[in-house]
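A.B. asks: model this:
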Amino acid sequence: INIEIEKGEKVAIIGPNGAGKSTLFSHFNGLTEPTSGCVKIEGKPISFEKDELLKVRQKVGIVFQDPNDQLFAPTVKEDIAFGPMNLGLSYDEVEKRVEDALKMVGMENYEDKPPHHLSGGQQKRIAIAGIIAMKPELMILDEPSVYLDLAGREFLLKTIEELAETRPDLTIVFITQRIEDILPVFNRGMILKSGEIVAHGSRDEVLTEENLKDAFGLDIQLIKTEKGRLWTVIR
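C.D. replies: All right, here's what the predicted structure looks like:
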């Protein structure tokens, strides 16, 4: 796979189960080391030395598909504060980042709650807040709408739109099958199939019935909506 993602782009990597999406994203901040080739951040290859990986992970924040892979602290506040504290920020700055991140994801009054007592959707919001508080330059969201109900997916979309507006230089990469949940946000897309990019271009160029049918092996019908193109399966 050869791809370039420019600063400030909002890119969707789309594909069916087993396409290689999660394997690909795990290379973006050094969770997985390539067996060949390399990943470059700001033109510099990722080094797998401990101190260098820490620098990369300050720039590249990942929201995992399953919040249980990310949340570990006894309280919500401690979980979100963990990353900023490791950046060596002042207590007041950490407090502000936690407060702002919780407000952005609509979880202002959950600071003292244990994350494992929350619903799956609430845990997802806290996981996103933890990355927002780090203020990364690149944010990767792996299946961001998993575990969310309709209201939660709508709130997530509003949160991402607000984040994109307030930080236009923030690069966001979505790893997803649920294209409809992020339609208004991403402006470039790639379709991944069997470990290869089979379509690549603007949102409208990628989201064609032919491309989606080829990737997912299903008859697809695209319906134009106010927010973009919605796809439905014709069996």
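A.B. asks: surely residue 112 meets residue 73?
C.D. replies: No - judged on C-beta atoms under 8 Å, residue 112 makes no contact with residue 73 at a distance of 11.4 Å. C-beta here means a position set from N, CA and C on the backbone, and glycine is covered the same way.
A.B. asks: With neighbour numbers in mind, choose between these two.
C.D. replies: Ranked by neighbour count (other C-beta atoms under 10 Å), residue 112 and residue 73 place residue 73 first, with 15 against 10.
A.B. asks: what about the strands in the chain?
C.D. replies: Taking DSSP state E as the test, the strands found in the chain are 10-14, 40-41, 44-45, 60-63, 138-142, 171-176, 188-193, 196-202, 219-225, 228-234.
A.B. asks: starting at the chain centroid, how far to the fourth one?
C.D. replies: What it means is strand 60-63. Centroid displacement of strand 60-63 relative to its chain, using C-alpha atoms, centre = their mean, to the nearest Å, is 7 Å.
A.B. asks: Report pLDDT for the closest residue to residue 5 other than its chain neighbours.
C.D. replies: Using C-beta to C-beta, 6 or more residues apart in numbering and skipping residues adjacent in sequence, the residue nearest residue 5 is residue 11, 5.5 Å away. pLDDT, residue 11: 95.
A.B. asks: And for residue 189?
C.D. replies: For residue 189, the predicted pLDDT is 93.
A.B. asks: Over to residue 107?
C.D. replies: Note on residue 107: pLDDT of 93.
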